[in-house]
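**Student:** give me a 3D structure for the following:
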Amino acid sequence: MRLLSLAARNLLRNRRRTAISLVALVVGVGAMVGLRGFVNGQQRVILENLVFGQVGAVQVHKKGYLANVQGSPLTLDMADSEALRQRIASVADVTAVSPRISFGGMISLPDVEGAAQEDSAGKTGFLQLTAFDPTLEPKVTPQRSTWLGKGAHLSGVEAPELLLNADMAKSLRAEVTEAGVAPERWPALLSGDRDGALNGEAVRVAGTLVSATPGDRRQGYVPLGTAQRLLRMEGRVTEYALAVTRMEDAPRVRDAVQAVLGPEYEVHTWDQVLPFVAQLVGHQDVIFGIMTSVFLLTVLLGIVNVMLMSVLERVREIGTMLAVGTRRWQVVSLFLMEGAVLGLVGGILGALVGWAVTLWLGQRGIHLPAPGAAADSIIRPHVSVLYLVRAVGMATVGAALAALWPAYRAAQLRPVEALAHS
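**Tutor:** Modelled structure (predicted):
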């Protein structure tokens, strides 16, 4: 405690130099906290758009579905029943269950006479379709309901309607079909059923959805009953999407649902369905770690210089301490404590500044579209208390280590030569 008190007093002897070092630490630690908050906010937006806008937190399939998703997933369907839904919903922390069918298809625009329609008449396009119950799906993917561009959402589970991605609709020049238009002037939706036979059904383009996530724009959505008629899969689905209380509960819910359903089914969390997203988050964390190291190293190099200057100015003082019996390890401890106190104070101030800026930006929000996305996303930076503590600890330990070399230099001085130093 006596050395700690002396270290604090020594820092106040040259207040200008100490203030400069503190400012560097505050800027460095504040930048670390602010950048971590931004990265956290960006990762949350990506996950929310994908989990709450497309896949859901947990998915249930027939055994072997995910391994053959690029093949013929319609052959790995399962009977949809209220009893099965209730078994899944009975698992703790499952808040909603939505049945789906995922399949590939083709949309063919009608041949309509008239100059206004000649650019789009007869055009066709291939797309990936997802069929769901419009009353159940919003409970699992509520984010998708905010992406409506034109028109309206699907009106019912049996409605002959189609939601198109806005970019695909633009490329096909497919306009939203008004409710009063005769069915013979509706686009045709074509797809092969589970036996390979081609079927078709006239559908009305109810609306378009803008994209808030990067990826393939050839996407469409149809009511579950319409897809079952088209694919001749009445009463059958290819997957169930689940909503959970918290995203952190997804692995535990997955295991619980798997235990309830048995080996005939497979249950996966969102990161298993979309492994590239988890890799993207991991790569961002690695890049952030490199940037944090650069920030911290730059600040610590400044502290090394400050402590070396302090040693040079206090050579006679150090010689006096050694002459009166102060141990060399005590001299080393003194300079290490000076660095640690400097790092602790600077780390606390920097963490508070970074936390305040992150809190302000989190409340205000940053409007920034994701790369390759058409819709703006609101990034709300946030940072955990644990990371603030870690930042302060890194600053404290780092500053103490930065003072190690100057402390060693001071401890190696010979008392006679130090006292003769002018």
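**Student:** run through the protein and note the low-pLDDT ranges.
**Tutor:** The chain contains residues with pLDDT under 70 at 1, 3, 6-7, 69-72, 112-122, 212-216, 312, 369-376, 416-422.
**Student:** which helix is the longest one in it?
**Tutor:** Counting by DSSP state H, the longest helix found in the chain is helix 275-313.
**Student:** in that one, what's buried?
**Tutor:** Neighbour counts over helix 275-313 (16 or more other Cβ atoms under 10 Å) mark 277, 281, 288, 292, 295-296, 299-300, 302-304, 306-307, 310-311 as buried. (C-beta placed from N, C-alpha, C; glycine too.)
**Student:** centre of the chain to it, how far?
**Tutor:** Put simply, helix 275-313 sits 22 Å off its chain's centre (Cα atoms, centre = their mean, to the nearest Å).
**Student:** can you count the residues close to Arg246?
**Tutor:** Neighbour count of Arg246, defined by other Cβ atoms under 10 Å: 11.
**Student:** meant to ask about Glu158, not that
**Tutor:** Residue neighbour count, defined by other Cβ under 10 Å, stands at 12 for Glu158.
**Student:** go on, Leu163?
**Tutor:** Leu163 sits with 29 neighbouring residues when counted by other Cβ under 10 Å.
**Student:** who does the residue nearest to it when sequence neighbours are not counted bridge with?
**Tutor:** Nearest in space to Leu163, with sequence neighbours left out and distances taken as Cβ to Cβ, 6 or more residues apart in numbering, is Tyr221 at 4.1 Å. In this entry, Tyr221 is beta-bridged to Thr130, Leu163, by DSSP bridges.
**Student:** mind listing what Tyr221 touches?
**Tutor:** The neighbours of Tyr221, taking Cβ atoms under 8 Å, 6 or more residues apart in numbering as the test, are 129-132, 154, 162-163, 209.
**Student:** how near is it to Glu201?
**Tutor:** From Tyr221 across to Glu201, the span is 15 Å (Cβ to Cβ, to the nearest Å).
**Student:** do a quick rundown of the strands in the stretch 101-250 of the chain.
**Tutor:** Secondary structure of the stretch 101-250 of the chain by DSSP state E, counting those that start in this stretch: the strands cover 124-132, 148-151, 161-165, 188-192, 198-202, 204-209, 219-223, 236-237, 239-244.
**Student:** and the stretch 251-400 of the chain, by the same measure?
**Tutor:** Counting by DSSP E, counting those that start in this stretch, the strands of the stretch 251-400 of the chain are 265-269, 366-369, 376-379.
**Student:** I'd like those as a markdown table, with distance to Met394 and mean neighbour count appended.
**Tutor:** Shown next, in a markdown table, are those (distance: least, Cβ to Cβ, whole Å; neighbours: other Cβ atoms under 10 Å):
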| stretch | distance to Met394 | mean neighbour count |
| --- | --- | --- |
| strand 265-269 | 32 | 20 |
| strand 366-369 | 26 | 13 |
| strand 376-379 | 25 | 17 |
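**Student:** okay, those strands in JSON lines with distance to Ala241 next?
**Tutor:** Formatted as JSON lines, the strands of the stretch 251-400 of the chain follow (distance: least, Cβ to Cβ, whole Å):
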{"stretch": "strand 265-269", "distance to Ala241": "11"}
{"stretch": "strand 366-369", "distance to Ala241": "26"}
{"stretch": "strand 376-379", "distance to Ala241": "22"}
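**Student:** rewinding a little: okay, the strands of the stretch 101-250 of the chain in TSV with distance to Ile101 next?
**Tutor:** Output for the strands of the stretch 101-250 of the chain, formatted as TSV (distance: least, Cβ to Cβ, whole Å):
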stretch	distance to Ile101
strand 124-132	4
strand 148-151	22
strand 161-165	14
strand 188-192	10
strand 198-202	13
strand 204-209	18
strand 219-223	9
strand 236-237	5
strand 239-244	8
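**Student:** mind listing what's buried in the host helix or strand of Asn49?
**Tutor:** Using DSSP states H and E, Asn49 maps to helix 15-50. Buried positions in helix 15-50, judged by neighbour count with 16+ other Cβ under 10 Å: 17-18, 21-22, 24-50.
**Student:** contacts for whatever helix or strand comes next after that helix?
**Tutor:** Towards the C-terminus, the helix or strand next in line after helix 15-50, according to DSSP H and E, is strand 58-62. If you take Cβ under 8 Å, 6+ apart as the criterion, strand 58-62 is touched by 76-78, 88, 94, 238-242, 244, 250, 253-254, 257, 261, 264-270, 273.
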